[in-house]
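> Give the three-dimensional model of this entry:
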Amino acid sequence: MSKAAKVFDSHRARLFAIALRMLRNRADAEDVVQDAYLRWHEVAEQDIQSPTGFLITTTTRLCLDRLRSLKKEHGHYTEPLLTPPGVDACAPSPEEQHEIAGEVSVAFLAVLERLGPQERAAFLLREVFDYDYPEVSRIVGKSEPACRQLVHRALPRVREARPRFVVVAESRERLLAKFLTAVGTGDREAVMSLLAEKVEYAADRSR
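Now for the predicted structure:
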């Protein structure tokens, strides 16, 4: 087994739990984990400082893509992210749900700690909520090429080992709650509310 495969295998159970919790379907979760495995092999030779953060973020994004596809196919998808499990026998235990919520929190915190306001907005809109660049441009207030550059610059920064900022705890919890609402519902108003929320940093309480 290659080094890259060993790294992924050490995270496989955790990634599957996240995918299963979000998708509520074992077959879909297995497909997402396989897709994450392929994405990992595409970048494994690069200098990724935090494989855990990269894999969790990638798996979460793939799950969101799958949920959007389901919504298009069936016309609706109203189950919010990280709600109590339904009747699916494969659903994680309460302890596992708590751990998964923590993993998603870590992935989002990496965005808060490493990206400035415009980079963060462009990154979330494009890479998490799948907005097209013309709409990202309108929301962020920059040209499409500038937004593409923001996202391009944000991707490696999210993977950096050391954070650039220290987020105040109250601000972090408030933003995380809005983030979970936004990804769970896909509601535009919830997304805009998340982006409008200012991030409070320990070294700059006015930011």
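> could you say which helix or strand contains residue 160?
Using DSSP states H and E, residue 160 maps to neither a helix nor a strand.
> doesn't residue 114 make contact with it?
Yes - applying C-beta atoms under 8 Å, one finds residue 160 in contact with residue 114, separated by 5.8 Å. To be clear about C-beta, it is placed using only N, CA and C from the backbone, and glycine gets the same treatment.
> if you count what's nearby, which of those two comes out ahead?
Remark: of residue 160 and residue 114, residue 114 carries more neighbours, 22 against 15, as counted by other C-beta atoms under 10 Å.
> And that one, what's its pLDDT?
The model reports residue 114 with a pLDDT of 89.
> and if you look at the one 5 residues further on?
The pLDDT attached to residue 119 in the predicted structure is 92.
> OK, contacts around the closest residue to it other than its chain neighbours?
Spatial nearest neighbour of residue 119, chain neighbours left out: residue 154 (4.5 Å); criterion: C-beta to C-beta, 6 or more residues apart in numbering. By C-beta atoms under 8 Å, 6 or more residues apart in numbering, the contact set of residue 154 is 115, 119-120, 122-123, 127.
> and residue 154, how far is that from residue 23?
26 Å (C-beta to C-beta, to the nearest Å).
> Quick one: low-confidence residue ranges for this protein.
Low-confidence segments of the chain, defined by pLDDT under 70, are located at 1, 44-50, 71-105, 183-186, 203-207.
> what about the strands in it?
Counting by DSSP state E, the chain has no strands to list.
> Please look at residue 147 and residue 140 and confirm they touch.
Yes - counting by C-beta under 8 Å, residue 147 does reach residue 140; the two are 5.7 Å apart.
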